[in-house]
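Asks: I would like the atomic coordinates for the input below:
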Amino acid sequence: MGDARKVGVAVDFSKCSREALQWAIDNVVRKGDHLILVNVLPEGTNYDGTEIQLWEATGCPLIPLAEFRDGQVEKKYGTKPDPETLEIVSLAATQKEVCVLLKVFWGDAREKLCEAVDNIPLDCLIIGNRGLGKLKRAILGSVSNYVVNHSTCPVTVVKPVHA
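Replies: The predicted model follows:
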C-alpha cells in the first residue's frame with residue numbers, strides 16, 4: 001500500500017456507521033488514500049466455518065470494492081454490506097480517487113477493532129457512536145469508548161446526527 005494513508009472506518013452497516021463513513025469521506029479521506037472498512041462480526045455468525053478458522057487471528061484478506069459488492073463475499077465471510085454503504089464508498093472511490101477495501105474480523109468488536117489498527121496497520125480510525133445514555137452505556141459498555149482508550153492510532157468518534 002506504499003505511502004498512501006490507511007484510513008479505517010468501523011462499519012456494521014447501521015445508520016450510525018454510515019454517518020461515520022460519510023464524515024470520514026467528507027473530512028479525512030483525500031485523493032490516493034486507502035479507505036478500509038473494518039467489519040467485526042460476532043462469533044457464531046452464520047458463515048462458512050473454514051474461513052473463520054483460517055482468518056480468525058488476523059481477519060480475512062483485504063477485499064477490494066469490486067469484490068465485496070459480489071454476493072459471494074457475503075456468503076463466504078458472512079458480511080452483508082447494505083446498498084447505502086455501497087453507494088457511499090462507490091462515490092468516494094470515483095470522486096475522491098481512493099482505494100476502498102473491506103476487512104472482516106470475528107469476535108468482540110472492541111478488541112478486534114484495536115487489533116485491526118495494528119494488524120492492517122491503520123493511520124487513523126473513525127467509529128460511529130449510537131448515542132447511548134450514561135446508564136445504558138454503563139450497562140452495555142461502549143465500543144467507541146474502549147477503542148478510544150486502547151487504540152494505538154488516533155480515533156475519531158462521530159456522534160449521531162439527530163434530525
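Asks: which intervals of the chain have sub-threshold pLDDT?
Replies: Along the chain, segments meeting pLDDT under 70 span 1-2, 44-53, 131-141, 162-163.
Asks: can you give me the strands for it?
Replies: 6-10, 34-41, 63-64, 99-106, 124-128, 155-158 (DSSP state E).
Asks: tell me what the first one is packed against?
Replies: Using 3 or more C-beta pairs under 8 Å, 6 or more residues apart in numbering; DSSP states H and E as the contact criterion, the secondary-structure elements in contact with strand 6-10 are helix 15-27, strand 34-41, helix 109-119, strand 124-128. C-betas here are computed from N, CA, C, even on glycine.
Asks: same check on the shortest one?
Replies: Counting by 3+ C-beta pairs under 8 Å, 6+ apart, the packing neighbours recorded for strand 63-64 are strand 99-106.
Asks: swap in the fifth one?
Replies: In this structure, strand 124-128 makes packing contacts with strand 6-10, helix 15-27, helix 109-119, helix 143-150, strand 155-158, judged by 3+ C-beta pairs under 8 Å, 6+ apart.
Asks: repeat that with 10 Å
Replies: strand 6-10, helix 15-27, strand 34-41, helix 109-119, helix 143-150, strand 155-158 (3 or more C-beta pairs under 10 Å, 6 or more residues apart in numbering; DSSP states H and E).
Asks: tell me which strands the shortest one pairs with, and in which orientation.
Replies: Each strand paired with strand 155-158, and its direction, by DSSP bridges: strand 124-128 (parallel).
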